[in-house]
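Q: After the sequence you'll find the predicted model.
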Amino acid sequence: MIRPPAARALSMVLGVLLAGPVGAAWAQEGEPAAANPPAAPPRIAAHDFLMDGGDQARIVWEQSPDDPANVSAYAIYRSRTDAEIQKKIKDDRAKFIAGRKTEATKAILGEDWKTMLDTLTPQQRIDIRAARAEAAKAAAAEFDAGAMNDPASEDNRFLLHGSTKSLELKYEVDKLDRANAYVFMVKAVGKDFSKSAGAVTDAPMSPTLEWFDGTPVQSGGRFWLVWIVLIFCGAVVFWIRHARRGKPIRVRKIAGLEAVDEAVGRATEMGRPCLFVPGIQDMNDIQTIAGITVLARVARTAAEYDAKVEVPTARSLVMTTCRETVQAAYLSAGRPDAYNQDLIYYVTDEQFGYVAYLSGMMVREKPAACFYMGTFYAESLILAETGNAIGAIQIAGTAMPAQLPFFVAACDYTLIGEEFFAASAYLSGSPEELGSLKGQDLGKVIVAVLMILGIGMMTLASMVGEQSGLGERLSAAVKFLKDVILT
């Protein structure tokens, strides 16, 4: 690459500042060769990672005969793709032309040309524009005729990827593209910053995508994820097998679900209906599914008590699902004749239109028990306050953190987050669901312990000072917990 004297001087200064094994390896190509550069590595080979994401390769080479006497580092290069070569040539051409245009401007105005641009006469502007155009034309012709324009030149073909210290004879290249084949080159870097000839791999290689990414975490691997999955899934499988063998699994009582019988019984005594609101989202929302699970229990209790359950919905698919759920509940209770599908109907998809209908219906019919199970937004307070005003027993359940305070304040019982999702296992008593619930709880305990451990280590690191040896190790451990284990 042809560079002006100022650029060469700057490169030499940077070389001195970066003196050392790694800095030497990053010295720019094109520096004047020393009288006695080190010998090149005799042999180099590239190997694909056995367990990676298909974007890495391991480069190994034999020690240079001059290592360590006259070798401070090794510089590792990878070949550029055709698109990268063309982009480099284009960028180099633009920089070369821009440099020549700047030199032409300096030749007319001097080194302080930037401060004079606002005071130029019209004739000076014409002269400068003509000089710059002539310099650009000459620079383009010079660049196109020179080695910088040759795609086969070493400077254009290879990209400096990194370096290693003397006596380190392997390097891991990352951020490769599986669609491309790469050639790798290693140069020995002398203690005077000179470089040897390049040792090049015999044939191009392409990284392959493996079935499991077991590379180090720093490279984006999934090694730790395997252990986390095995621990959590293993806990779930263990407790499912434990429950299937008939051994008891204790589940904490959930007051809101225990109160279903009381609420439906009160509605039966008062001769009033029960109102069940399955949220305002469709069936693709997990909270809607959890709410319909509770509906099955409410409907079965209502069938046994001969009470009426009214289920207005905001989605047509939710209406269909609720009808099937309630019909199955009445059938399992031995009262299929008491099922009335007209009590489960669609109102509207519009949020506040749906809430306005529910509020009016609650004031008119005054249901004795109101159940709110699903996803709710701003309508939660309207529904809960209306139900409270008519004196109904209200049981709510949602995983929306912003709406829980309104339900807690205005309802008799509230299923908060995890309680709401645990309702299915709690009500059914199925070994599979109970075992899954217990296994998930074990996973949560492990996460909580790790969080407490991380907080403790971070606190200790701040006390001893993060710049100390112990503080650095503790901070690194906390970062590993936060970025890898708990992410």
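A: Alright, I've got the coordinates.
Q: Report the distance from the helix or strand hosting residue 293 to the chain centre.
A: Here residue 293 is covered by helix 286-305, with elements defined by DSSP states H and E. Centroid separation for helix 286-305 versus its chain: 36 Å, with C-alpha atoms, centre = their mean, to the nearest Å.
Q: what packs against the helix or strand just after it?
A: Counting by DSSP H and E, the next helix or strand C-terminal to helix 286-305 is strand 309-313. For strand 309-313, the packing partners by 3 or more C-beta pairs under 8 Å, 6 or more residues apart in numbering; DSSP states H and E come out as strand 274-277, helix 286-305, helix 316-332, strand 344-346, helix 351-365. (C-beta placed from N, C-alpha, C; glycine too.)
Q: Show me what strand 309-313 pairs with in its sheet, parallel or antiparallel.
A: Paired neighbours of strand 309-313 in the sheet (DSSP bridges): strand 274-277 (parallel), strand 344-346 (parallel).
Q: who's in contact with that strand?
A: Defining contact as C-beta atoms under 8 Å, 6 or more residues apart in numbering, one finds that strand 309-313 is touched by 273-278, 295, 298-299, 302, 319, 322, 326, 343-347, 354, 357-358, 361, 365, 367.
Q: now swap in stretch 139-151 and tell me
A: 1-2, 82, 85-86, 89, 92-93, 96-97, 99-101, 153, 155-157.
Q: in the host helix or strand of residue 125, what's buried?
A: Following DSSP H and E, one finds residue 125 within helix 122-145. By neighbour count with 16 or more other C-beta atoms under 10 Å, helix 122-145 contains the buried residues 128, 131, 132, 135, 136, 139, 143.
Q: still on that earlier bit, narrow the contacts of stretch 139-151 to those that are buried.
A: Among the contacts of stretch 139-151, the ones that count as buried by 16+ other C-beta under 10 Å are 85, 89, 92, 93, 96, 97, 99, 100, 101, 156, 157.
Q: Return the closest of those residues with respect to residue 443.
A: Ranked by distance to residue 443 (C-beta to C-beta), the buried ones among the contacts of stretch 139-151 are led by residue 85 at 50.3 Å.
Q: could you measure that closest one against residue 148, distance?
A: Distance of residue 85 to residue 148, given as C-beta to C-beta, to the nearest Å: 12 Å.
Q: hey, what's in contact with both of those two?
A: residue 156.
Q: Could you list the low-confidence segments of the stretch 151-300 of the chain?
A: 213-222 (pLDDT under 70).
Q: how about the strands in it?
A: For the stretch 151-300 of the chain, the strands defined by DSSP state E, counting those that start in this stretch cover 158-165, 170-173, 184-189, 199-200, 274-277.
Q: So which bits of the first one are buried?
A: For strand 158-165, a neighbour-count test (16+ other C-beta under 10 Å) marks 158, 160, 161, 162, 163, 164 as buried.
Q: Run a quick neighbour tally on the residue lying closest to residue 195 once chain neighbours are set aside.
A: Take residue 195 and drop its neighbours on the chain: the residue closest to it by C-beta to C-beta, 6 or more residues apart in numbering is residue 187, 4.6 Å away. The local packing of residue 187 (other C-beta atoms under 10 Å) involves 26 other residues.
Q: And residue 39, by the same measure?
A: Neighbour tally, residue 39, other C-beta under 10 Å: 17.
Q: repeat for the one 10 residues further on
A: Look at residue 49: counted by other C-beta under 10 Å, it has 22 neighbours.
Q: quick one: contacts for it?
A: With C-beta under 8 Å, 6+ apart, residue 49 has these contacts: 56, 57, 58, 207, 210, 215.
Q: Tell me the residue in this structure that is farthest from the middle.
A: residue 123 (58.8 Å; C-alpha atoms, centre = their mean).
Q: quick one on the thing from earlier: might you specify the subset of the contacts of residue 49 located within helices?
A: Of the contacts of residue 49, none are assigned to helices by DSSP state H.
Q: ok, back up a step: restrict the helix holding residue 125 to CA atoms and write it as CSV.
A: Provided in CSV are the C-alpha atoms of helix 122-145 (Å, rounded to 0.1, in the frame of the first residue of the first chain):
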residue,chain,number,x,y,z
PRO,A,122,-14.8,33.3,-6.1
GLN,A,123,-11.7,32.9,-8.2
GLN,A,124,-9.9,31.0,-5.5
ARG,A,125,-12.9,28.7,-5.1
ILE,A,126,-12.8,28.0,-8.9
ASP,A,127,-9.0,27.4,-8.8
ILE,A,128,-9.3,25.0,-5.8
ARG,A,129,-12.2,23.1,-7.4
ALA,A,130,-10.3,22.6,-10.6
ALA,A,131,-7.1,21.6,-8.7
ARG,A,132,-9.0,19.0,-6.7
ALA,A,133,-10.8,17.6,-9.7
GLU,A,134,-7.5,17.2,-11.5
ALA,A,135,-5.9,15.6,-8.4
ALA,A,136,-8.8,13.2,-8.1
LYS,A,137,-8.6,12.2,-11.8
ALA,A,138,-4.8,11.6,-11.5
ALA,A,139,-5.2,9.7,-8.2
ALA,A,140,-7.9,7.5,-9.7
ALA,A,141,-5.7,6.6,-12.6
GLU,A,142,-2.7,6.0,-10.3
PHE,A,143,-4.7,3.8,-8.0
ASP,A,144,-6.3,1.7,-10.8
ALA,A,145,-2.9,1.1,-12.3
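Q: Pop the domain breakdown of this structure in here.
A: 5-200, 255-421 (automatic domain parsing).
Q: Comparing those domains, which comes out most buried?
A: domain 255-421 (a mean of 19; mean count of other C-beta atoms under 10 Å).
Q: So what would you say the end-to-end distance of it is?
A: From its first residue to its last, domain 255-421 covers 14 Å (C-alpha to C-alpha, to the nearest Å).
Q: before we move on, back to that, now the buried ones among the contacts of stretch 139-151 as JSON lines including secondary structure?
A: Shown next, in JSON lines, are those (DSSP: H, G, I helix; E, B strand; the rest coil):
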{"residue": "85", "secondary structure": "helix"}
{"residue": "89", "secondary structure": "helix"}
{"residue": "92", "secondary structure": "helix"}
{"residue": "93", "secondary structure": "helix"}
{"residue": "96", "secondary structure": "helix"}
{"residue": "97", "secondary structure": "helix"}
{"residue": "99", "secondary structure": "helix"}
{"residue": "100", "secondary structure": "helix"}
{"residue": "101", "secondary structure": "helix"}
{"residue": "156", "secondary structure": "helix"}
{"residue": "157", "secondary structure": "helix"}
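Q: can those go into TSV with extra columns for distance to residue 195?
A: Converted to TSV, those look like this (distance: C-beta to C-beta, whole Å):
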residue	distance to residue 195
85	21
89	22
92	20
93	25
96	23
97	28
99	25
100	28
101	32
156	17
157	15
